[in-house]
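In: heads up, no residue letters with this:
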């Protein structure tokens with residue numbers, strides 16, 4: 001961990017505010033709230049009902065957020081590959097208990113920010129506020145697109161939307177996770193992939 005701590009620790013700051021001129025000043029201000037952490041594959045770093053929400057910036061690896069239904073079935077909310085942020089946005093903004101589980105799909109390195117500090121970071125820097133909001137809205141747009149997709153599109157269209165939204169991670173996650181994300185069975189996903197392949201070949 002010592003090597004990680006000394007290796008350009010706060011990438012999340014430049015990701016949120018690429019035009020900030022006072023990077024060193026901001027790092028000092030938030031260094032007590034931001035830490036670099038190694039997470040093992042399958043490790044759960046947030047559970048439903050946690051009282052202190054955190055924000056995770058994925059420096060290396062892949063995370064997922066999900067909910068469990070009353071039968072214990074997993075429903076994936078979103079994936080977070082490198083340079084993405086994953087959190088429980090409702091908990092962070094409203095300071096309530098978390099609703100989402102967050103787990104590592106791969107061995108990962110993440111930058112962890114306390115929810116309260118994150119809100120201060122993104123709201124107190126007026127000169128970059130529009131850029132920060134744009135980035136957050138981009139993430140929300142992916143989720144909105146997915147919700148609309150689940151309500152109105154075929155499994156094949158949902159799969160194509162997934163490929164478009166998450167280019168490069170299809171080979172990194174098990175098909176059962178993709179099926180969970182799409183809201184279909186693994187068997188239906190296999191059929192959908194076959195149909196997608198045949199569509200490309202035409």
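Out: All right, it came through fine. Not measured: the values here are computed from a predicted model.
In: for the protein, which segments count as helices?
Out: 2-5, 11-16, 23-30, 89-94, 115-123, 129-152, 155-165, 175-182, 186-201 (DSSP state H).
In: mean pLDDT for those helices: which is lowest?
Out: Per-stretch mean pLDDT for those is lowest at helix 2-5 (a mean of 47).
In: list phi and psi for residue 168.
Out: phi 100, psi -10 (degrees, to the nearest 10).
In: list the contacts for the residue lying closest to it once chain neighbours are set aside?
Out: Leaving aside its sequence neighbours, residue 168 sits nearest to residue 81 (CB to CB, 6 or more residues apart in numbering; 7.1 Å). Glycine gets a C-beta too; all of them are placed from N, C-alpha and C. Residue 81 makes contacts with 58, 62, 166, 168, 169, 172, as judged by CB atoms under 8 Å, 6 or more residues apart in numbering.
In: what do you get for residue 57?
Out: Counting by CB under 8 Å, 6+ apart, residue 57 touches 11, 12, 15, 83, 84, 85, 110, 111, 113.
In: contacting residues for residue 59?
Out: 11, 36, 82, 83, 108, 109, 110, 111.
In: now render those as a markdown table, adding distance to residue 53 and neighbour count.
Out: Output for the contacts of residue 59, formatted as a markdown table (distance: CB to CB, whole Å; neighbours: other CB atoms under 10 Å):
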| residue | distance to residue 53 | neighbour count |
| --- | --- | --- |
| 11 | 20 | 17 |
| 36 | 19 | 20 |
| 82 | 22 | 15 |
| 83 | 21 | 12 |
| 108 | 19 | 24 |
| 109 | 20 | 18 |
| 110 | 14 | 26 |
| 111 | 15 | 21 |
